[in-house]
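Visitor: Here's my sequence, what's the structure:
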Amino acid sequence: HINKYKERYPHSFHLIINKFNSGQAIARNTGMDLVKTDYLTFVDADDWVEAQLYEKMLEPAEKYHCDLGECAYVMHMGQQVRVSRPSLPEKLYV
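Guide: Numbering: from 1, shown residues only. Have a look, this model is predicted:
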């Protein structure tokens, strides 16, 4: 339960809002309304990210003052593996 982590790591959690059975979109929108940081990302419970992913995305985002970053992902579905590339070509959009 998330409250156990809040007790164990009090400086890592600042606010917990419990909205039971509200769904993923409500939870993410609530988080976006409350966040006070330059960057935000979502990782679901069944996701994993490479150790250097955010560092690799942060460098060009700051260099080019980007509002949005997108990267490829790999989807494992049973024996099938699907690699998805970013939907936009690798360019700077102003």
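
Visitor: For this structure, which segments are assigned as strands?
Guide: 73-77, 80-84 (DSSP state E).

Visitor: export the ones you listed to a markdown table and tack on distance to residue 6?
Guide: In this view, the C-beta of every residue, glycine as well, is placed from N, C-alpha and C. Shown next, in a markdown table, are the strands of the chain (distance: least, C-beta to C-beta, whole Å):
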| stretch | distance to residue 6 |
| --- | --- |
| strand 73-77 | 30 |
| strand 80-84 | 34 |
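
Visitor: got the ones you listed as JSON lines, with mean pLDDT, mean neighbour count and distance to residue 29 columns?
Guide: Listed next are those as JSON lines, based on pLDDT from 0 to 100; neighbours: other C-beta atoms under 10 Å; distance: least, C-beta to C-beta, whole Å:
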{"stretch": "strand 73-77", "mean pLDDT": "87", "mean neighbour count": "9", "distance to residue 29": "22"}
{"stretch": "strand 80-84", "mean pLDDT": "90", "mean neighbour count": "9", "distance to residue 29": "24"}
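
Visitor: between those, which one is nearest to residue 36?
Guide: strand 73-77 (27.3 Å; C-beta to C-beta).

Visitor: who does that closest one pair up with?
Guide: Using DSSP bridges, the strands paired with strand 73-77 are strand 80-84 (antiparallel).

Visitor: Relative to the whole chain's centre, how far out is the strand it pairs with?
Guide: Distance of strand 80-84 from the chain centroid (C-alpha atoms, centre = their mean, to the nearest Å) equals 20 Å.

Visitor: Can you dump the C-alpha atoms of that strand in CSV for me?
Guide: Listed next in CSV are the C-alpha coordinates belonging to strand 80-84 (Å, rounded to 0.1, in the frame of the first residue of the first chain):
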residue,chain,number,x,y,z
GLN,A,80,5.4,-11.4,-30.0
VAL,A,81,7.7,-8.4,-29.7
ARG,A,82,6.8,-5.1,-31.3
VAL,A,83,9.1,-2.1,-31.5
SER,A,84,7.3,1.2,-31.8
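
Visitor: any idea how far residue 29 is from the residue nearest to residue 53 when sequence neighbours are not counted?
Guide: Once its chain neighbours are removed from consideration, residue 53 has its nearest residue in residue 71; the separation is 7.0 Å (C-beta to C-beta, 6 or more residues apart in numbering). With distances taken as C-beta to C-beta, to the nearest Å, residue 71 is found 22 Å from residue 29.
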